[in-house]
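1. need a structure here:
(chains A and B)
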Amino acid sequence: AQKVTQAQTEISVVEKEDVTLDCVYETRDTTYYLFWYKQPPSGELVFLIRRNSFDEQNEISGRYSWNFQKSTSSFNFTITASQVVDSAVYFCALNGFQKLVFGTGTRLLVSP
Amino acid sequence: EAQVTQNPRYLITVTGKKLTVTCSQNMNHEYMSWYRQDPGLGLRQIYYSMNVEVTDKGDVPEGYKVSRKEKRNFPLILESPSPNQTSLYFCASSLQPNNEKLFFGSGTQLSVL
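-> Below is the predicted model of the structure:
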C-alpha cells in the first residue's frame, strides 16, 4: 500500500529564511504521481504541484522549488526567502487506488 | 469559474440528528470523493464515485453514506452523527482519480455535540 511520511510536524522560521519541507513516500507502482497542497489558515486546500515518476527534474516556481529523488523516495519542497503569507499547513500526497494518499502535513509558521 | 461548491461551511449538531453536506462541481468531472481531515492524521478518504450511480467505500466509510444521482452532485450523509465524526470535511473532484490533481471544495467544519 502507498504511504506518505512528513516527519516534520511543525517548523518555525523568521521571515526571509529558507525552509525545506520533507516528504518521503512508499509505493510499489512504477508509474505514480506526487503532489503538494497548501492549506492556509482560512482552511481551503490549494494545489501547488504535480510531478510524475518519470520526470526527476527539479522544478522552480518563483520562491518555491521541488526536489524529486527516486533513489531516496523523496519529494521535498523548499521555500526561499520565506514570507509571513507562507504560513500554512503543507501536505504531500501520492496517488493511490482511486484516491490521493496524504501525509500528515507540516505546519509552517513564518514570523516577521 | 471552475469550482467545487460545498455547503455548509460550518455546522454544529447534536448526536443522532441526521445531516447532509452538499457538494457540487461545475467541471463535468466524473470522479468525486469525500475526505475528512483530523489533526495528526492528514486527510483520509471516506467515499468516492467514479460516475453517476457508481460509488465505493474509501478508507473510513463507517457512519457515512453518499449518493451520486447526478454527475455534478455528491452529497455526504450522516444518518446518526456521533462525536467522533467531528472533523473537517472536504469534497473533491477530478477528471480521473489516479493522476490528475484534485479540485477541493472549501471544506465543512462539523462539530457533533
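
2. and the contacts of the helix or strand bottoming out on mean pLDDT in chain A?
-> Least confident helix or strand, chain A: strand A:59-61 with a mean of 87, by mean pLDDT, DSSP states H and E. With contacts defined as C-beta atoms under 8 Å, 6 or more residues apart in numbering or on different chains, strand A:59-61 is touched by A:49, A:51, A:65-66, A:68. C-beta here means a position set from N, CA and C on the backbone, and glycine is covered the same way.

3. cutoff 6 Å now
-> Contact with strand A:59-61 is made by residue A:66, as judged by C-beta atoms under 6 Å, 6 or more residues apart in numbering or on different chains.

4. could you do stretch A:15-24 as well?
-> For stretch A:15-24, the external contacting residues (C-beta under 6 Å, 6+ apart) are A:5-6, A:8, A:11, A:13, A:73-82, A:90, A:92, A:106, A:110, A:112.

5. direction included, what does the least confident helix or strand of chain A pair against?
-> strand A:64-69 (antiparallel) (DSSP bridges).

6. for the partner strand, list every residue counted as buried.
-> A:64-68 (16 or more other C-beta atoms under 10 Å in any protein chain shown).

7. as a markdown table, the residues you listed with distance to residue B:111 would be great.
-> Converted to a markdown table, these look like this (distance: C-beta to C-beta, whole Å):
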| residue | distance to residue B:111 |
| --- | --- |
| A:64 | 34 |
| A:65 | 39 |
| A:66 | 36 |
| A:67 | 39 |
| A:68 | 39 |
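
8. which one among the residues you listed gets closest to residue A:27?
-> Ranked by distance to residue A:27 (C-beta to C-beta), the buried residues of strand A:64-69 are led by residue A:68 at 13.3 Å.

9. surely that closest one touches residue A:75?
-> Yes: the pair residue A:68 and residue A:75 passes the contact test of C-beta atoms under 6 Å, sitting 5.0 Å apart.
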